[in-house]
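Enquirer: Structure of the sequence below:
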Amino acid sequence: MRVAHLSLRDFRSYTEVELPLDAGVTALIGPNGQGKTNLVEAVGYLATLGSHRVAQDAPLVRLGAERAVVRGQVVRDDRSLLLEVEITPGKANRARVNRSPVPRAREMLGILRSVLFAPEDLALVKGDPAERRRFLDDLLVLRTPRYAGVRADYDRVLKQRNALLRSGAGVRRSRQDSVDLRTLEVWDSHLSTAGAELLAGRIDLVEGLRPLVDKAYQAVAEASFASAGPAAIDYRSSLGEDVPLVADRDMLAAAMLNQISELRKAELERGITLVGPHRDELVLKLGPLPAKGYASHGESWSFALALKLAAYDLLRAETDAGGEPVLVLDDVFAELDGHRRERLATLVAGAEQVLVTAAVPEDVPEALTGARVDVMGGEVRRIR
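Expert: Numbering: from 1, shown residues only. This next block holds a predicted model:
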């Protein structure tokens, strides 16, 4: 799987750009602020319909423009597919496949798959639980695109239920005698159904990632770091320690309803949903200790790289998905010491397509020698 051609119009800093891409390694070289990351961000957007840099679409549209267009010619299974997304802030994005509109943009998900390494990935280890939940859910959608709908359904139900709980909490604080929360049980049911589906997907995903994470960590970490113990991941659910974490949707839905009942009083007092996948945590451990708060900076970087390498290996193993995902290394090598640079470069050099961004050519390891594109002042110029 690879992107053969990328076209942008009014995306980020670009009025218009046409960029042919080859299989193998392509290095995008240029000083910071010249638009390198904008290019690989566009590739990621075609794969995920989201950005690794911002949560909203508005910053993706060039200042002064009404909309942006991202178009990519994708080659998979010896077939060429043209993907196109029109991004209009405040409106639903429109998508086309081979110039034919699709009813919803998310129906394009799964055609192109990519895994991105970026300096922001350090937050997977050092950041809040939300960063790790997003990592799981983004990977879940890449692996099984129907979970985009599950995720959207859960977020919608959670928003509605929280609004109802907030109204109930306001009434209680105003010391009125009673509040009509009869519809809350309906939202309880919706939450447990969508939550169990999302939770089952995460559980299955973590089981697939678990053996790959330590393998990747041992491959990329220095020997002194690897001696700290195996890199391990565990899923911690808000359903309680007594609930077995198996991908049984009926059991998980029943357990969620039971826990909601147990916490009903606390939820009404606080005006917020206290049970569900939005409260869960992906626990990262090095040996017996949690990585967050105990791992050194170097160990944290190695763990973050291991998570992304494990994600890549998991997707690559699914041969029925149209080939290897595209690998994007966005300004990563400038953040790594020489040892991890060379190890990472060696591990990914054989990928079907690798896109690398760097400020100077010297930041790209020799193992990733390939095509080069210079990016300067909004201009994109292919060197070799």
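
Enquirer: now stretch 92-112, how far from the centre of its chain.
Expert: How far stretch 92-112 lies from its chain's middle: 19 Å, per Cα atoms, centre = their mean, to the nearest Å.

Enquirer: Can you tell me what sits against that stretch?
Expert: Stretch 92-112 has contacts (Cβ atoms under 8 Å, 6 or more residues apart in numbering) with 1, 3, 43, 46-49, 57, 72, 74, 76, 81-88, 141-142, 145, 148-149, 152, 321-322, 326. No exception for glycine: its C-beta is placed from N, CA and C like everyone else's.

Enquirer: Buried ones in that stretch, by neighbour count?
Expert: 93-96, 105-106, 108-112 (16 or more other Cβ atoms under 10 Å).

Enquirer: which stretches of the stretch 251-384 of the chain form helices?
Expert: Along the stretch 251-384 of the chain, counting by DSSP state H, counting those that start in this stretch, helices occupy 264-270, 297-317, 338-348.

Enquirer: Out of those, which is closest to V354?
Expert: helix 338-348 (5.8 Å; Cβ to Cβ).

Enquirer: of all the buried residues of stretch 92-112, which two lie farthest apart?
Expert: Spatially, the most separated pair among the buried residues of stretch 92-112 is R94 and G110, at 18.1 Å (Cβ to Cβ).

Enquirer: name the helices or strands packed onto the longest helix seen in the chain?
Expert: In the chain, taking DSSP state H as the definition, the longest helix is helix 184-220. If contacts are counted by 3 or more Cβ pairs under 8 Å, 6 or more residues apart in numbering; DSSP states H and E, helix 184-220 sits against helix 129-143, helix 147-173, strand 231-236, helix 249-262, helix 297-317, helix 338-348.

Enquirer: what residues are up against T273?
Expert: Contact analysis of T273 by Cβ under 8 Å, 6+ apart lists 158, 161-162, 165, 191, 267, 279.

Enquirer: Let me have these in CSV, extended by pLDDT, distance to M376 and neighbour count.
Expert: Output for the contacts of T273, formatted as CSV (pLDDT from 0 to 100; distance: Cβ to Cβ, whole Å; neighbours: other Cβ atoms under 10 Å):
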residue, pLDDT, distance to M376, neighbour count
L158, 97, 45, 20
R161, 94, 50, 22
N162, 93, 47, 16
L165, 90, 53, 22
L191, 97, 51, 26
E267, 92, 55, 20
R279, 96, 46, 16
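
Enquirer: Of these, which is the nearest to F135?
Expert: Using Cβ to Cβ, those come closest to F135 at R279, 16.3 Å.

Enquirer: And the pLDDT for the residue nearest to the closest one when sequence neighbours are not counted?
Expert: Closest residue to R279 apart from its sequence neighbours, by Cβ to Cβ, 6 or more residues apart in numbering: S238 at 3.9 Å. pLDDT recorded at S238 is 94.

Enquirer: With the one 5 residues further on instead?
Expert: Reading off the per-residue confidence, V243 sits at a pLDDT of 89.

Enquirer: what do you get for G338?
Expert: Predicted confidence (pLDDT) for G338: 81.

Enquirer: what's the spacing between it and W301?
Expert: Distance check for G338 against W301: by Cβ to Cβ, to the nearest Å, it reads 13 Å.

Enquirer: The two: which is more packed in?
Expert: Set G338 next to W301 and count neighbours by other Cβ atoms under 10 Å: W301 wins out with 24 against 9.

Enquirer: gap between the more buried one and L112?
Expert: W301 sits 27 Å away from L112, going by Cβ to Cβ.

Enquirer: Pull the contacting residues for the most centrally placed residue in the chain.
Expert: When Cα atoms, centre = their mean is applied to the chain, the residue found nearest the centroid is D138 (3.6 Å). The contact partners of D138, by Cβ under 8 Å, 6+ apart, come to 48, 50.

Enquirer: sorry, back to before: just send the helices of the stretch 251-384 of the chain back as TSV, with distance to P365 too.
Expert: Formatted as TSV, the helices of the stretch 251-384 of the chain follow (distance: least, Cβ to Cβ, whole Å):
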stretch	distance to P365
helix 264-270	51
helix 297-317	14
helix 338-348	4
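
Enquirer: Of all those helices, which one is nearest P211?
Expert: When those are compared by Cβ to Cβ, helix 297-317 sits nearest P211, at 8.6 Å.

Enquirer: follow-up on the earlier one: now which of the contacts of stretch 92-112 would you call buried?
Expert: By neighbour count, with 16+ other Cβ under 10 Å, these hold 1, 3, 43, 46-49, 57, 72, 74, 76, 81-88, 141-142, 145, 148-149, 321-322, 326 as buried.

Enquirer: now this structure, which segments are flagged as low pLDDT?
Expert: Applying pLDDT under 70 to the chain picks out residues 169-181, 222-228, 319-322, 384.

Enquirer: same thing but 80
Expert: Confidence mapping of the chain against pLDDT under 80 gives the ranges 168-182, 222-229, 318-323, 377-378, 383-384.

Enquirer: rewinding a little: ranking the helices and strands packed on helix 184-220 by burial, who's on top?
Expert: Of these, the one with the most neighbours on average (mean count of other Cβ atoms under 10 Å) is helix 297-317, at a mean of 22.

Enquirer: sorry, back to before: how far away is the residue nearest to the centre of the chain from L124?
Expert: 11 Å.

Enquirer: Same check on M108?
Expert: Relative to L124, and taking Cβ to Cβ, M108 is found at 26 Å.
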